[in-house]
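>>> sequence-free structure coming up:
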């Protein structure tokens, strides 16, 4: 990603029109929503993905939903097992 260093100058308090204020508030809301949702991308072989798609179809859910469910479920299980080992 091409990131340019930019110089910003603080302007202090500025009066904005109602239209601009509404636009700014909309953009702030959108930015906050973006922060709450994070996208994750990874590469898999086509054979691996086909297995996942078949399993998802058997469960009656889209494969992306299936992946999220399985990863979350396995993460909880791993955390619980690790806690048990650490507590002993």
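Structure received. Keep in mind that this is a model prediction, so the values were computed, not measured. Residues are numbered from 1 along each chain as shown.
>>> Please state the offset of the worst-scoring helix or strand of the chain on mean pLDDT from the chain centre?
Within the chain, no helix or strand scores below helix 18-36, which has a mean of 78 by mean pLDDT, DSSP states H and E. Its chain's C-alpha centre and that of helix 18-36 lie 19 Å apart, by CA atoms, centre = their mean, to the nearest Å.
>>> again, but for stretch 80-88
Mean-position distance between stretch 80-88 and its chain equals 28 Å (CA atoms, centre = their mean).
>>> Pull out the buried residues from that stretch.
If you call a residue buried by 16 or more other CB atoms under 10 Å, then stretch 80-88 has no buried ones at all. C-beta coordinates here come from the backbone N, C-alpha and C atoms, glycine included.
>>> How about stretch 62-70?
Using 16+ other CB under 10 Å as the test for burial, stretch 62-70 gives 63, 66-67.
>>> and these as a markdown table, adding pLDDT, distance to residue 37 and secondary structure?
Written out in a markdown table, the entries for these read as follows (pLDDT from 0 to 100; distance: CB to CB, whole Å; DSSP: H, G, I helix; E, B strand; the rest coil):
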| residue | pLDDT | distance to residue 37 | secondary structure |
| --- | --- | --- | --- |
| 63 | 93 | 19 | helix |
| 66 | 92 | 19 | helix |
| 67 | 92 | 16 | helix |
